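Visitor: I would like to see how this sequence folds:
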Amino acid sequence: MTQREIALATKIDEGYTSRVVGRLEEENLVVRNQTGAIRPRDPGLLLDAWREEYDFEKHPILRGHVPARSGDALLCATAETLSESRVNHTASGLGAAWLVTRFAGLRLVTFYLSEQPPRPFWKDSPSAKRKEAPTYASSCRTTKVYSNGASDREGVRCVHPIQVYLDLGAHPERAPEAATELRKRYVGWRRSA
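Guide: Below is the predicted model:
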């Protein structure tokens, strides 16, 4: 893609895009062809550099506990509650990695939100009103929405697998293993020797 196409596709200011591309060129992470189109010199190296610099904690984060019988039930119930609240959302982290690869169980789900939920859904979720006790409570982390490359997976809107891979760097549990599996199966970008 050209620098202009990148700016339009990402809805990022052309000046800022130019500075980022310039920095990536200085670090020899991207190259331009004769027409000015930009591509990664080594996609695996670029992904590694991106993950090294990425900071999930820079997003405003809401944390809470939602009673659920399983990780996938938590994922679906949280997505459903957010949809009912009309909050635009996309799943990431362990929940999205599980939907993409079916690798590693989860107790933690992460959603990017377009806005603060109208009420703290983890306090009065439908499962909390049931008489039976949940098997365990799981954390829910939420921040702003990323929709570029998002797709629907089993009724849950998920960020692009590369965003999932980046977000897994800040997650506990089996996140490192899930990231390795996601990269191997879906992203496929390996660092050149």
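Visitor: if I look at residue 2, how far off is residue 30?
Guide: 12 Å (CB to CB, to the nearest Å). C-beta coordinates here come from the backbone N, C-alpha and C atoms, glycine included.
Visitor: Those two: which has the busier surroundings?
Guide: residue 30 (18 against 14; other CB atoms under 10 Å).
Visitor: Give me the nearest residue to residue 79, chain neighbours excluded.
Guide: Of all residues not flanking residue 79 in the chain, residue 156 sits nearest, at 4.6 Å (CB to CB, 6 or more residues apart in numbering).
Visitor: give the contact list for that neighbour.
Guide: 75, 76, 79, 91, 95, 96, 99 (CB atoms under 8 Å, 6 or more residues apart in numbering).
Visitor: Also residue 100?
Guide: Here residue 100 is in contact with 153, 158, 161, 164, 182, 185, 186 (CB under 8 Å, 6+ apart).
Visitor: Now intersect those residues with the strands, please.
Guide: Among those, the ones falling in strands (DSSP state E) are 153, 158.
Visitor: In helices only, show me the contacts of residue 100.
Guide: Taking DSSP state H, the ones among the contacts of residue 100 that sit in helices are 161, 164, 182.
Visitor: beta partners for residue 39?
Guide: residue 31 (DSSP bridges).
Visitor: mind checking how far it is from residue 23?
Guide: From residue 39 to residue 23 the distance is 16 Å (CB to CB).
Visitor: what do you get for residue 65?
Guide: For residue 65, the distance to residue 23 - CB to CB - is 40 Å.
Visitor: The two - which one has more neighbours?
Guide: Between residue 65 and residue 23, counted using other CB under 10 Å, the more crowded position is residue 65 (16 against 11).
Visitor: Using the three-state scheme, assign that one.
Guide: Using DSSP: H, G, I helix; E, B strand; the rest coil, the structure places residue 65 in strand.
Visitor: what's the spacing between it and residue 74?
Guide: 10 Å.
Visitor: do the same with residue 17
Guide: Distance from residue 17 to residue 74, by CB to CB: 37 Å.
Visitor: neighbour-wise, which of those two wins?
Guide: Between residue 17 and residue 74, counted using other CB under 10 Å, the more crowded position is residue 74 (27 against 19).
Visitor: List the contacts of residue 94.
Guide: 71, 104, 106, 108, 109, 110, 168, 171, 173, 174, 175, 178.
Visitor: where's the nearest residue to it once chain neighbours are set aside relative to residue 12, distance?
Guide: Leaving aside its sequence neighbours, residue 94 sits nearest to residue 106 (CB to CB, 6+ apart; 4.0 Å). With distances taken as CB to CB, residue 106 is found 31 Å from residue 12.
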